[in-house]
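Visitor: coordinates only, sequence not included:
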């Protein structure tokens, strides 16, 4: 099972008693952070509370404002940092699938990838503690055993019972190139051959080959995506990637896996150099089924869908929340994302506004769709006056809900953080913060009204709660409602601090505004940038981000085109010189 | 379950590959050599209800509190510390849960990063090693595993969920799957000695190769990247050492297969992870272990206590909300029951000198917070159980006035385990060891 990052869902309400003791000045936390332009420059003030010493390579190292205000000189390539990247769990699973034909997903048994920030592929967080090193060892042994007992042909170019040194040499050369994703040096081949000899002597040929496979699978060149760039083409301290490094970049970005034979052939022929050559390969990979889980991974993490499996709800409040519904919710969202990306028009507005979804009998019952029974998901149109795209699906409303009620704060915060790229500064520390408990007869909106009454709360919660109230038609597991605690639901509000400010009647209205927002589409492009490179953006990435946002806009927000555009950036095509 | 760690007991159970090399060296000594000291750290989250936690009375004359009532059988082997202050958490990045968790065993600020909590500036992982790993540096080499980390539905892998650190930005994840933990600790082999020797040779040569490969990589990449590759090298070195005795078994407990996402299994997973921890120590596979329940900010409900609201949500309720406060007392009492089960397991193991494993342990139960609804880091609820071979003068409530920075506690723990240090973490908060003897 994939267990990925999960940010604790924290709400705040500051107790009145504590408020009285507070210095008034703290109340200014969010003042001045409203009023962003179309380019999302609000990020500057929102991040001003961050530590000034955020190291390069971490998300948040530079504000959007700094990036945008810089007059971009994009004539010479500026790639930004390129930290060494260890294979993630899914990259490991897919790589051994493509290398050895093994579909057992051994990395599912690894300790979960450590997480800093939004995504589980942040390079600097991916260390190798002893527990993981041991898991690598166990996996390598099992993978090698399985491969030699079931797929020795065609993996090894001779019968295991008739092995020769020459056969071992040949195996090392071909298998090594696949596993290291580049040709081996003579020294590397020699070291592996010595390992083969040491383990076949006095034992069997097979034992020697087994040792080679195990060793390769635990080597640095396999477990990390090693890059040094092409020094012969250096432009100062900036280097283009070698063809083999580029082949790996393209395939790990779009397939979460090693290059296929076509990419290897292109690298062999030095045909991964120009933008056009790279774009052609990117488009080819995007049309493969292998792209689907890789792209799905981004959406799961961006939408925090990975929190769904461990979401707990109070069975008294939500008797409909059964373990099967819980699973179906997740399957629905996965199916919807796949539909948007690969069947529909792959556009961001479609993701946000389409009433299409995929339901089985129990989901249909919750959505009020008639005529669907059984456990298989079927494509349906949901009521467009009640549902709009990904945000109003049960899974999102469940994640962004508490065990026994909805959560305007979590919902508003999600929209600010993940759709508008405006992280909300946290409340002052060490206050009595008590979330409202469910009180019969008091609607959720009423319970949170305190935030508006107190200046200290309002300065930040004005950025979240009004958006969150827009989702009040959905309870803590996403069921549509018009009455909450006996009170009619009020889902009206006004969007502020964005490029699409204005009033809305409900979530359908609100999402329509967001779907037309340049700020949202720029934010989405930025999220993809972070995910693609396993790091946050920096001022060195100004040109890359400009080109990315521009290409996304020109394509009418086509996400497939956005992914191709990622491969055209300086950040993708170049890397800084490595100085040990 | 009772244990008999005698030479015959271990040999009888583990006559497989290289079994004799698993024999605990201290236990082999007939008389003379003292039984080794062991350290166990137990964590539960979200603070406690302090006045329901702190016993009535002082010194050796005290009555256990409602929350600690399950520990009654071990009352004379407890030290209850009143007045420990995680002062280091008054600065640095992170929200109060992140800081509580990350400072708890390291005593130093978190690294800056991009994990934004409910307050404070964004943080990365802890900025230094945890105290258990400092002790590991001295005695970890004596056993097959330098240390073992067990978790009970920790689930997340972020700064809120990691307490053990090999160094800055080097969190050590706990083993969360009992079946996998069992396999790592006790998997036995039916191989012939010839096949076993071939396997051992292959493993050693393969790990040597991996070590060389990583060394080469570390020398070629940037200095920042090299830090991570070097940690990887150290991890490979650690498992090379574990090759010895890998196939022996030593009276392991039964391990059921349990869904690791169903909250209803939380008590069952807690039990089996505790059994595995006790067995690992009883077999001297390690002398340093930890048991982490969930994670800081844990919002799990406890349906088996009829508590449907999440723990973290409850921990934020007002002091005057008597229903929620009662639930919090129930939750913390439940954790005390789990702690008592661990102590009971340790006490059932008889050592070579006739004492029990618990008599030679220091078992520390700690929390990332004191009081949940105000996120305070003082007074931290800390309990130390066991006698540590007589080094602990137990059966007392120790009240510190003024409060003591928790770095002093960390230094004291290290000293009692034989690690001679005078400061740990941020030296600003090291004003002198505590007297627990």
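Guide: The structure has been received and is ready for your questions. The structure presented is a predicted model; accordingly, all values stated were derived computationally and were not measured.
Visitor: Around chain A, which positions in the stretch 1-150 of chain B sit nearby?
Guide: B:93, B:95-97, B:112-122, B:124-125, B:146, B:149 (C-beta under 8 Å from any C-beta of the partner chain). For the C-beta atoms, the positions are set from N, CA and C on the backbone; glycine is no exception.
Visitor: Just those residues: which are in helices?
Guide: Among the residues of the stretch 1-150 of chain B next to chain A, DSSP state H puts B:96, B:97 in helices.
Visitor: Drop anything exposed from the residues of the stretch 1-150 of chain B next to chain A.
Guide: Among these, those classed as buried by 16 or more other C-beta atoms under 10 Å in any protein chain shown are B:93, B:95-97, B:112-122, B:124-125, B:146, B:149.
Visitor: Spit out the contact partners of residue A:367.
Guide: Counting by C-beta atoms under 8 Å, 6 or more residues apart in numbering or on different chains, residue A:367 touches A:357, A:359, A:380, A:382, A:383, A:387, A:394, A:480.
Visitor: give me phi/psi at it?
Guide: Note on residue A:367: its backbone torsions stand at phi -80, psi -10 [degrees, to the nearest 10].
Visitor: Output the set of residues of the stretch 451-580 of chain A in proximity to chain B.
Guide: Counting by C-beta under 8 Å from any C-beta, the stretch 451-580 of chain A sits next to chain B at A:536, A:578, A:579, A:580.
Visitor: Am I right that residue B:383 is in contact with residue B:77?
Guide: No: in this structure, residue B:383 is not within contact of residue B:77 by C-beta atoms under 8 Å, at 10.7 Å.
Visitor: tell me what the one helix or strand residue A:466 maps to is packed against?
Guide: Using DSSP states H and E, residue A:466 sits in helix A:455-469. Other elements packing on helix A:455-469 under the criterion 3 or more C-beta pairs under 8 Å, 6 or more residues apart in numbering or on different chains; DSSP states H and E are helix A:408-414, helix A:450-453, strand A:493-495.
Visitor: Quick check: what element follows that helix along the chain?
Guide: The first helix or strand that comes after helix A:455-469 along the chain, using DSSP H and E, is strand A:483-484.
Visitor: Show me the residue sitting in the middle of chain B in space.
Guide: Centroid-nearest residue in chain B: residue B:290, 1.6 Å away (criterion: C-alpha atoms, centre = their mean).
Visitor: can I assume that one sits in a strand?
Guide: Yes: assessed by DSSP: H, G, I helix; E, B strand; the rest coil, residue B:290 belongs to a strand.
Visitor: Once you drop chain neighbours, what's closest to it?
Guide: residue B:41 (4.3 Å; C-beta to C-beta, 6 or more residues apart in numbering or on different chains).
Visitor: so how far is residue B:417 from the one you found?
Guide: Distance, residue B:41 to residue B:417, using C-beta to C-beta, to the nearest Å: 12 Å.
Visitor: which residues of chain B fall in helices?
Guide: Using DSSP H, the helices found in chain B span residues B:7-13, B:19-22, B:25-28, B:50-53, B:96-104, B:131-139, B:178-186, B:193-220, B:223-242, B:266-282, B:311-315, B:322-347, B:406-416.
Visitor: Could you do the stretch 251-400 of chain A as well?
Guide: A:261-268, A:275-286, A:291-302, A:323-338, A:348-353, A:361-367, A:394-399 (DSSP state H, counting those that start in this stretch).
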